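Participant: turn this into a model:
(2 chains)
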Amino acid sequence: MIAHIFEDLCNGCNRCVAICPTHVLDAGDGAPVIARLDQCQTCYMCELYCEADAIYVGPDAQQPESVDPQAIRASGHLGRIRRDHGWDRPDEPGHLDLYRLLGPLLQEGGETAARRYRAISAGEIDPDR
Amino acid sequence: MSDILTQRCDVLVIGGGMAAAWAAIAAAKAGASVILVDKGYVGTSGVTATAGPNHWWIPPDPVRRREAIEQRHAAGLGLGDPAWMERVLDTTWRTLPDLAPYYRFGSDGKGGAYYSGVRGSEYMRALRAYASAAGARILDHHPALQLLTDEDGAVVGARGHARLTRTDWDIRAGSVVIATGGCAFRSGLIGSHGNTGDGYLMAAEAGAELSGMEFSIQYTVSPAWASTRTLPYTAARYYDAQGREIVAPPRGHAHYQALGAALLKGPVYADLIDAPAALPPILKDIQPFTPPPFVRKGVDLFRDRWPIKLFGEGTIRGNGGLRIVDEDCGTSVAGLYAAGDAATRELATGAISGGGAVNSAWALTSGQIAGAAAARRGLAIRGKAAGRALAVGSAGIAPASADRPIDRKMIEADIDHHMNGYLHSLWRSRTQLSDSLALLDTHWRTISDHSRAQGLALVALRETAAMTATARWCTAAALARNESRGIHVRVDAPALDTAGGARLLTGGLDRIWTRPERRVYAEAAA
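Facilitator: Residues are numbered from 1 along each chain as shown, chains lettered A, B, ... in the order given. You can find the predicted model right below:
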């Protein structure tokens, strides 16, 4: 769930208030306010859309987490999702060039699991060995 | 309410995912004035935005198309429609590349563009830009609450609440497209928090029928603390708390039964030591949302063992939804069209799950068809004097009896237990389903007899009402389909029934009904 908005980094644009699909945030004086945390689905969209990299979403989707802002700041997590999407460099081509590998990787994983299941069922592998 | 936002348009689209956007685009390109209202934000709403939809993608080679359709139709166990499958393949192939000005398609590795698979956050951002450029007016954070009908019962608009400005809205339209997505009963499935079945409820209140609601059991495996996308889990091994491997068939209902049985006994762990070797270094480039839930938890996705949970997908990766009665994606109510997961996907996929690819192609196609048909109707009646409009639907708005506070949280917890609980979903039986239905009926009566709210509280209350109604239709249909077919599995009726080869319709509010559909589509060539 969304855990912290860094007020010193926030530029007050309220983009996160507008794009949050589940209406978690209200516009505030300066930084937005986390008004309805129970509606947060931990989708990280606020981080993706925050051009100031001022938002941190905790990994637990089922309960609020208290975080140490200084540790988060030092962790390198801030802005990571936006950079991994390439949204910090929109003019650079090729962000989605690896996307075609998704289907083949899913298929390869599925085949691996199916082979192992067949081998276990045939007694060729003892899973508890 | 003080100032009510009042608008008029030819086509009103309700919903904000890919089907809604494709519908708005088609309607606007056909020359209609279009307003799209979404509960959330078009671009981040719904299950596509956080995912990476592949589209059913077969080149227009008659032999390959026929093979794909025959294969799909056979797998769908008689409930699919080959003519619709052909339309889905054709429309998807012709339409998806139109997104190129707004979405930078990746390379296919052979010097061309890779069209069929797209990353959700960029896809939905592009669809928003395309819909806006086509002339559709997008109103975010405008949840719809009730449909409006004329004296003949035709749908002529909707009413709702704008949640950022806290004002009510009232939009009159020549036709309405419902594209509000499926319902996962707040299982925690990523992206599905807003998918509470609102469109099913509003449409049913206007008299629409549903179809295929028994096809509502699908799960995804995720870390226990958060739902993420499925790419890494395909070669996962699973273990119980003692570290003994759980041998689960690699797919299908038996896969989830094996994991569900183990989870009912205690925690289950996964590791990815069998994951494709090419995956770890590029996972963040393909699905940048997948690593953070692990990294931030201090878990090494590819080395550690971590606890899992099955997240219910309800009618999102199930098939059920509003019944489609004609080739225009019309529902059984005049002026009301359905697209995407809000509509039944049986036409494209029969009794099995459409997975990502067929469902995405269906969402695109049904959006395009519904949007174009809604535009024809809206343009044809444009300027005709509008008569009185009646807001239909009373749950949460006009209780049948005295107002009293109701415990929404308790009702939602019961719905989650009966719809997403492993025991109830994976071991469906007449006894269990009857017990679930009796409880859900009680909750519906509480809501419809006693609850009333306004503004944001009404939005939340209508979500609870919609989930309750949807759960009742799914449960009643699962009871009525007294056999196992596709993704509907009954432990007390494990075989296909030769008499079960018709789609199953359901509907009603205070009294739920079910009946087999009299075939209106041509029987598939055997």
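Participant: okay but B:G120 is in contact with B:T50, surely?
Facilitator: Yes: applying Cβ atoms under 8 Å as the test, B:G120 and B:T50 come out as touching, 5.7 Å apart. From N, CA and C alone the C-beta is placed, and that goes for glycine too.
Participant: neighbour count for those two, which is higher?
Facilitator: B:T50 (28 against 24; other Cβ atoms under 10 Å in any protein chain shown).
Participant: dump the residue contacts of that one.
Facilitator: Counting by Cβ atoms under 8 Å, 6 or more residues apart in numbering or on different chains, B:T50 touches A:43-45, B:120-121, B:190-191, B:229, B:289.
Participant: same deal with B:G46?
Facilitator: A:21, B:15-18, B:40, B:124, B:181, B:191-192, B:194-195.
Participant: ok, 6 Å please
Facilitator: B:G46 makes contact with B:17, B:181, B:191, according to Cβ atoms under 6 Å, 6 or more residues apart in numbering or on different chains.
Participant: spatially nearest residue to it (excluding sequence neighbours)?
Facilitator: B:G17 (3.3 Å; Cβ to Cβ, 6 or more residues apart in numbering or on different chains).
Participant: the one you found: what's it in contact with?
Facilitator: Here B:G17 is in contact with B:45-46, B:48, B:181 (Cβ under 6 Å, 6+ apart).
Participant: out of these, which sit inside helices?
Facilitator: When DSSP state H is applied, the contacts of B:G17 are split such that B:46, B:48 fall in helices.
Participant: okay if I get the contacts of B:G17 as JSON lines plus pLDDT?
Facilitator: Output for the contacts of B:G17, formatted as JSON lines (pLDDT from 0 to 100):
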{"residue": "B:S45", "pLDDT": "98"}
{"residue": "B:G46", "pLDDT": "97"}
{"residue": "B:T48", "pLDDT": "96"}
{"residue": "B:G181", "pLDDT": "98"}
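Participant: out of the contacts of B:G17, which one sits closest to chain A?
Facilitator: Of all the contacts of B:G17, chain A sits closest to B:S45, with 4.4 Å by Cβ to the nearest Cβ.
Participant: show me which residues of chain B sit near chain A.
Facilitator: B:40-41, B:44-45, B:50, B:106-108, B:114, B:117, B:163, B:188, B:193, B:225-226, B:234-235, B:244-245, B:247, B:250, B:274, B:276, B:279, B:282, B:284-286, B:288-289, B:293, B:296-297 (Cβ under 6 Å from any Cβ of the partner chain).
Participant: which residue is nearest the centroid of chain B?
Facilitator: Nearest to the mean C-alpha position of chain B, by Cα atoms, centre = their mean, lies B:G182 at 2.1 Å.
Participant: who's in contact with that residue?
Facilitator: Taking Cβ under 6 Å, 6+ apart as the definition, contacts of B:G182 comprise B:195, B:314-316, B:341.
Participant: just the ones of those in helices?
Facilitator: B:314-316.
Participant: now flag whichever of these is closest to chain A.
Facilitator: When those are compared against chain A (criterion: Cβ to the nearest Cβ), the nearest one is B:I316, at 13.5 Å.
Participant: I'd say the closest one and B:R186 touch.
Facilitator: No: counting by Cβ atoms under 6 Å, B:I316 does not reach B:R186; the two are 11.9 Å apart.
Participant: picking that back up, any idea how far B:T196 is from the residue nearest to the centre of chain B?
Facilitator: According to Cβ to Cβ, to the nearest Å, B:G182 and B:T196 sit 10 Å apart.
Participant: go on, B:L148?
Facilitator: 21 Å.
Participant: in contact with the closest residue to chain A within the stretch 351-500 of chain B, which residues?
Facilitator: Closest approach of the stretch 351-500 of chain B to chain A (Cβ to the nearest Cβ) occurs at B:L456, with a separation of 8.1 Å. By Cβ under 6 Å, 6+ apart, B:L456 lies in contact with B:R163.
Participant: what's the answer for B:G321, then?
Facilitator: Contacts of B:G321 (Cβ under 6 Å, 6+ apart): B:342-344.
Participant: and for B:D449, nearest residue in space, chain neighbours not counted?
Facilitator: For B:D449, the spatially nearest residue (Cβ to Cβ, 6+ apart) is B:S401, at 4.3 Å.
Participant: output stretch A:70-90 as CSV, restricted to C-alpha atoms.
Facilitator: Extracted as CSV, the C-alpha positions of stretch A:70-90 are listed here (Å, rounded to 0.1, in the frame of the first residue of the first chain):
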residue,chain,number,x,y,z
GLN,A,70,15.3,8.1,5.4
ALA,A,71,15.9,4.5,4.7
ILE,A,72,13.6,4.6,1.7
ARG,A,73,15.4,7.7,0.3
ALA,A,74,18.7,5.8,0.5
SER,A,75,17.3,2.6,-0.9
GLY,A,76,17.2,3.5,-4.5
HIS,A,77,13.6,2.5,-4.8
LEU,A,78,12.3,6.0,-5.5
GLY,A,79,11.7,6.5,-9.2
ARG,A,80,12.8,2.9,-10.0
ILE,A,81,9.5,1.8,-11.5
ARG,A,82,9.3,4.9,-13.7
ARG,A,83,12.8,4.4,-14.9
ASP,A,84,12.3,0.7,-15.6
HIS,A,85,9.3,1.6,-17.7
GLY,A,86,11.5,4.1,-19.6
TRP,A,87,9.0,6.9,-18.8
ASP,A,88,11.9,9.2,-17.7
ARG,A,89,13.2,9.1,-21.3
PRO,A,90,10.2,9.0,-23.5
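Participant: give the buried residues for it.
Facilitator: A:72, A:77-82, A:84-87 (16 or more other Cβ atoms under 10 Å in any protein chain shown).
Participant: any residue of that stretch touching chain B?
Facilitator: Yes: Stretch A:70-90 comes into contact with chain B (Cβ under 6 Å from any Cβ), by way of A:81, A:84-85.
Participant: which ones among those residues lie within helices?
Facilitator: A:81, A:84-85.
Participant: picking that back up, my guess is the residue nearest to B:D449 is in a helix, correct?
Facilitator: No: assigned with DSSP: H, G, I helix; E, B strand; the rest coil, B:S401 falls outside any helix and is coil.
Participant: could you verify my assumption that it touches B:I447?
Facilitator: No: with contact defined as Cβ under 6 Å, B:S401 does not count as touching B:I447 (11.4 Å).
Participant: who's more crowded, the two?
Facilitator: Per other Cβ under 10 Å, whichever of B:S401 and B:I447 has more neighbours is B:I447, with 21 against 9.
Participant: the more buried one touches B:A466, doesn't it?
Facilitator: No: using Cβ under 6 Å, B:I447 makes no contact with B:A466, being 10.0 Å away.
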